[in-house]
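Peer 1: here's a sequence, model it:
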Amino acid sequence: MASEPTVAALIHEEYAVPENFAMVAPGIYRSSFPHSENFSFLKTKHFKSILVLVPETYPDENRKFVQDNSINFFQIGMSGNKEPFVNVSETAMTMALKLILNPENHPILIHCNRGKHRTGCLVGCLRKLQGWSMTMIFDEYRQFAHPKVRPLDQQFIELYDEREVLLLGRVYDWLPIGWTRSNKHIKAEYNTKFDGRRLKSYRHNVKESKSVQQDPVVLQHQVKSISN
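Peer 2: Presented below is the predicted three-dimensional model:
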């Protein structure tokens with residue numbers, strides 16, 4: 001006769017946490033690819049959006065979960081940083097950062113397959129916007145990527161040009177976000193990277209196209225087009 005499951009086993013089954021699940025910053029989370037056993041746990045987080053970093057078609061059960069819970073679905077298909085010729089697109093990374101910084105998408109879950117490399121690159125670039133040192137950024141990356149650390153990921157994070165996103169973050173007041181340096185340091189960094197004339201021009205351009213940028217239907221179309 002089969003024994004009945006223990007209370008601990010039932011709780012574990014009901015709230016199975018995806019591998020590498022963690023809060024990145026207030027309103028922003030990361031994990032590996034969620035499966036059906038993770039859905040009950042994810043529902044407790046009341047996610048407004050999910051950003052998927054793999055190009056493959058999202059499984060039917062995941063799509064159903066997204067639809068049933070009225071979650072905004074964004075997909076930016078990134079190739080991993082693998083030698084010699086495959087690498088993450090800077091354009092895709094910039095669009096992903098804009099998505100996760102926008103508080104209208106929070107709380108948001110970011111995931112790839114294992115929640116290690118592509119997700120690690122995105123989080124690493126976000127840390128640059130928060131003013132983290134490269135030592136701290138690489139320490140966090142290695143913690144999640146262990147035991148398969150990719151030097152090309154770390155190189156990508158270090159060389160990524162974050163100026164466009166920094167400027168947009170200033171225009172929309174998306175920055176600074178939690179777990180960052182003080183506002184004084186962030187403002188000093190803005191002032192060093194952008195002159196007043198460029199900022200004024202950029203604000204004008206953003207104002208003219210604001211309705212398009214914030215339209216979730218248009219935004220989803222733009223995001224999906226990257227992985228086509």
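
Peer 1: so who does the residue nearest to H106 when sequence neighbours are not counted touch?
Peer 2: If the residues on either side of it in the chain are set aside, H106 comes closest to G27, at 3.3 Å by C-beta to C-beta, 6 or more residues apart in numbering. C-betas here are computed from N, CA, C, even on glycine. Applying C-beta atoms under 8 Å, 6 or more residues apart in numbering to G27 gives the contacts 103, 106-108, 177.

Peer 1: and the gap between V24 and K64?
Peer 2: Separation of V24 from K64 (C-beta to C-beta, to the nearest Å): 26 Å.

Peer 1: look up how far S40 lies from D68.
Peer 2: Using C-beta to C-beta, which is the criterion applied here, D68 is 12 Å from S40.

Peer 1: please apply the same query to V52.
Peer 2: Separation of V52 from S40 (C-beta to C-beta) stands at 20 Å.

Peer 1: swap in P151?
Peer 2: In this structure, P151 and S40 are 38 Å apart, going by C-beta to C-beta.

Peer 1: between these two, who's got more neighbours?
Peer 2: The neighbour count for P151 versus S40, taken as other C-beta atoms under 10 Å, is higher for S40 (12 against 9).

Peer 1: so which bits of the one helix or strand the more buried one maps to are buried?
Peer 2: Secondary-structure element containing S40, defined by DSSP states H and E: helix 39-43. By neighbour count, and taking 16 or more other C-beta atoms under 10 Å as the criterion, the buried residues in helix 39-43 are 39, 41-42.

Peer 1: mind listing the helices for this structure?
Peer 2: Along the chain, the stretches classed as helices by DSSP state H are 7-14, 39-43, 60-68, 90-101, 118-129, 134-145, 151-159, 163-171, 183-193, 196-208, 210-213, 216-226.

Peer 1: low-scoring stretches of this structure, by residue?
Peer 2: Across the chain, residues meeting the criterion (pLDDT under 70) sit at 1-14, 80-87, 179-228.

Peer 1: neighbours around N38, how many?
Peer 2: 20.

Peer 1: count of neighbours near the residue nearest to it when sequence neighbours are not counted?
Peer 2: Leaving aside its sequence neighbours, N38 sits nearest to P18 (C-beta to C-beta, 6+ apart; 4.6 Å). When neighbours are defined as other C-beta under 10 Å, P18 has 21 of them.

Peer 1: from what I can see P18 touches E37, true?
Peer 2: No: the pair formed by P18 and E37 falls short of the contact definition of C-beta atoms under 8 Å, at 9.1 Å.

Peer 1: now do the contacts for R127.
Peer 2: 136-137, 140.

Peer 1: again, 6 Å this time
Peer 2: I137 (C-beta atoms under 6 Å, 6 or more residues apart in numbering).

Peer 1: distance of it relative to E140?
Peer 2: Taking C-beta to C-beta as the measure, R127 and E140 are separated by 7 Å.

Peer 1: likewise for H111?
Peer 2: Distance, H111 to E140, by C-beta to C-beta: 17 Å.
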